[in-house]
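Asks: Take a look and give me a structure for this.
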Amino acid sequence: MEFKHSYSRLIMFFSLSLLLSACSSITTSEKATSTPQPIVAPDVLTKIDQPAQFYIDKIALANKPQAIAWQLLSARALIAEGHSQPALDMLLSVERNSLSTQQLFEIALIKSEAYLLEKRYQDAATTLNFSSTLSTTEQPHWQRFYLLNATISELQNNNAKAVEYRVALNDFLDAELHSTNNSRLWELVSVIPLAELQPLTLRFNTENPTLSGWYHLAAIAQQYRTEPQSLINELQAWKTTYPQHPALSGFPIELVKAMATIPYAPSQIAVLAPLTGKRAVAGKAIRDGMLSAYYQVNAADRIDLRFYDTATVSADKLYLQALDDGADFVVGPLLKSNLAKVLPLVKDVPIISLNKLPETQAAENIYYFSLSSNDEAIAAAKKMHHDGIKQPLVLAPNNRTGNRLSEEFNKQWQSLTGGSSETYKYKSRSDMQNTVTSLFAVTSSNQRIRLMQNLVGADVKAKTRSRRDIDAIYIIATPSEAMLAIPYISTTQNPYAPQVAVYASSRTHGNNLSRSQNRDLNGLIFSDMPWLLNPDRELKQQTLALWPNMSKIQQNLFAMGYDAFKLIPTLQQLRNFPNLRLAGQTGILYINDNGIIEREFSWAKYRSGKIKLEESYPESKTAP
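Replies: So this is what the prediction gives:
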């Protein structure tokens, strides 16, 4: 490797220099003819645009003051090539000389960069803790100083400190670089928890109004992310409070869009759903959910809400009829077959479909809303990744549903981690024990025990050992299947290893289980919509008083209809501000680039026979 030769040559050069300095027999004339002419050293802050060897070669041709400059440039070039230790060795040689405060400042920066390269973040930070006597007048020095500190703070998960350093960095950047720095600054400040942002805003209000303004802006974006109109009002107030704030010259684009967006305000909404026939139960549940939301609006502000029965007339004909009747917004249809007929007809009138096709048609006025079980499998992978799971395993029925959901989970897990997860399939409830035993590799452990007993005698005492690489299982099962599997999982695990966490979807959670059945599910972590786990209690009580016999599926569809109506005034903001959220009954709702309405689920855990709600977390880590 070329670098190894270069570094060896550098060591030889230093040794040779010492040897030559000890020789006194060389005459003045001989020195004049044998010593290379010194070359002028460039500024140590010059851009590194040559290989490290180029700078190393210049050291031999320079006198002592000039050599220091070339050594510093060499150290920077070595770091640029990823060679941290040779760079640190070079600095050891430089530090033997009498140096100016600016040279010491440069050495500290290079050392910090080398430690950063080696992931020695605390050493990198400590190196930059200068005493008050160590300073520089060079703007590029301060640029690197604040950028290094910001990077180290970010790597140490201290985003608030990183923001502080980036605000200071702006004082040493030209206008062209401000925009880039502010974009990263916004990304960092946006993911600081709201509970931290509010005291930070107050703390720096007098001391550093610019910094306080960034914290305040992020707090507003988070606090009002589920209230689009309030968000706009608060942002306008923020602009009044901080009229000279640097964010105003390059306001975060999503906030600009949020403030500039004109929400949908339809006068007539057409709802396409099956209201008779075998799908009527689903269609009526959606209708009742929409009406429930509709009657929460003041009578004077109510719009014309019309329902069209897709069980009696073809959905495409009903859609065109609704437009002829004056509809300026459409909700539905519910069935995929009907959606395929309607989508090609959509032009200017916006629509929220109540399903989505395998290949979604992205268009400005089309929004897709569904309660697909695939979404919960994807959410489970995100949740497990958030919880620090390293090696999950999927336990699924050997049928179409099990295949589909396990595939969705595995796809999402690979997308998040680059790794894969094993999948084990069970054929029936009676096959559950054998499948659990197999997935923990207990069978092979038993076989090894029997082999040892055959070899040395039946008196051999040994305990069955299960594999230790699995730290979580995603189980796709009905409540009764899960009640059978979870005890097997608990008793089959290695008692000396940490217990494997078990995750599931709402499919595994039953509403009408007895206390003893709930105890059989102890430890199970599962997802469901807020309507079922963390409901608006008054709304739910009123609903169940009117429809006391609603099944879980009907409740899901009721919540969907309720959310569909509530979404309409906020769709434009949600689309233009991708990390804006609306707290709905089916989940925390947001819209992706394709117009798909995504959901963040509530999570709960069975503990001592009771369901305990877990603290929610944002699935999307980007900031609002």
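
Asks: Show me the shaky parts of the stretch 401-550 of the chain.
Replies: Applying pLDDT under 70 to the stretch 401-550 of the chain flags the ranges 440-468, 493-497, 510-515.

Asks: For it, which segments are assigned as helices?
Replies: Assignment of helices within the stretch 401-550 of the chain using DSSP state H, counting those that start in this stretch yields the ranges 432-439, 442-456, 479-492, 515-520, 530-533, 537-546.

Asks: Check what pLDDT Pro36 gets.
Replies: Looking at Pro36, its pLDDT is 50.

Asks: One more: Gly584?
Replies: The predicted local confidence for Gly584 is 93.

Asks: quick one, phi psi at it?
Replies: Main-chain dihedrals, Gly584, degrees, to the nearest 10: phi -110, psi 180.

Asks: residues contacting it?
Replies: By C-beta atoms under 8 Å, 6 or more residues apart in numbering, the residues touching Gly584 are 530, 559, 562-563, 566-567, 599. Every residue, glycine included, has its C-beta placed from N, CA and C.

Asks: What of Thr137?
Replies: Gln102.

Asks: And the one 10 residues further on, by the same measure?
Replies: If you count contacts by C-beta under 8 Å, 6+ apart, Leu147 has them with 165, 169.

Asks: can you do 6 Å?
Replies: In this structure, Leu147 makes contact with Leu169, judged by C-beta atoms under 6 Å, 6 or more residues apart in numbering.

Asks: Check which helix or strand it maps to.
Replies: helix 139-155 (DSSP states H and E).

Asks: How about Leu305?
Replies: Here Leu305, judged by DSSP H and E, is contained in strand 304-309.

Asks: Distance from the chain centre to whatever helix or strand comes next after that strand, please.
Replies: Counting by DSSP H and E, the next helix or strand C-terminal to strand 304-309 is helix 315-324. Relative to its chain's centre, helix 315-324 lies at 41 Å (C-alpha atoms, centre = their mean, to the nearest Å).

Asks: Would you list the phi and psi of Gln268?
Replies: Taking degrees, to the nearest 10, you get phi -140, psi 120 for the backbone angles of Gln268.

Asks: Next, count neighbours for it.
Replies: Neighbours of Gln268 under the rule other C-beta atoms under 10 Å: 15.

Asks: For it, which residues are in contact?
Replies: Gln268 sits next to 304, 326-328 when contact means C-beta under 6 Å, 6+ apart.

Asks: Quick one: distance of whatever helix or strand comes next after the helix holding Leu147 to the chain centre.
Replies: Scanning forward in sequence from helix 139-155 by DSSP H and E, the next helix or strand is helix 159-169. Chain-centre distance of helix 159-169: 21 Å, with C-alpha atoms, centre = their mean.

Asks: got it, and stretch 523-543?
Replies: 25 Å.

Asks: before we move on, what about stretch 347-366?
Replies: Offset of stretch 347-366 from its chain centre (C-alpha atoms, centre = their mean): 26 Å.

Asks: how long is that stretch from one end to the other?
Replies: 9 Å (C-alpha to C-alpha, to the nearest Å).

Asks: Show residues contacting that stretch.
Replies: The contact list for stretch 347-366, computed with C-beta under 6 Å, 6+ apart, reads 328-332, 334, 336, 339, 343, 346, 367-370, 564, 594-595.

Asks: on that earlier part again, now the two most distant members of the contacts of Gly584.
Replies: Using C-beta to C-beta, the two most remote members of those are Pro530 and Leu567, lying 14.7 Å apart.

Asks: quick revisit: could you tell me the angle between the helix holding Leu147 and helix 159-169?
Replies: Helix 139-155 and helix 159-169 are oriented at 170 degrees to each other (axes from the mean of the first three to the mean of the last three C-alpha atoms, to 10 degrees).

Asks: tell me the SS of the residue nearest to Asp309 when sequence neighbours are not counted?
Replies: Setting aside the residues directly before and after it, Asp309 is nearest to Leu275 in space (C-beta to C-beta, 6 or more residues apart in numbering), at 4.2 Å. Classification of Leu275 using DSSP: H, G, I helix; E, B strand; the rest coil returns coil.

Asks: Can you mark which positions in stretch 256-273 are buried?
Replies: By 16 or more other C-beta atoms under 10 Å, the buried positions in stretch 256-273 come out as 257-259, 261, 264, 266, 269-273.

Asks: hmm, back to that, go through the helices of the stretch 401-550 of the chain and pick out the most buried.
Replies: Comparing the helices of the stretch 401-550 of the chain by mean neighbour count (mean count of other C-beta atoms under 10 Å), helix 530-533 ranks first with a mean of 21.
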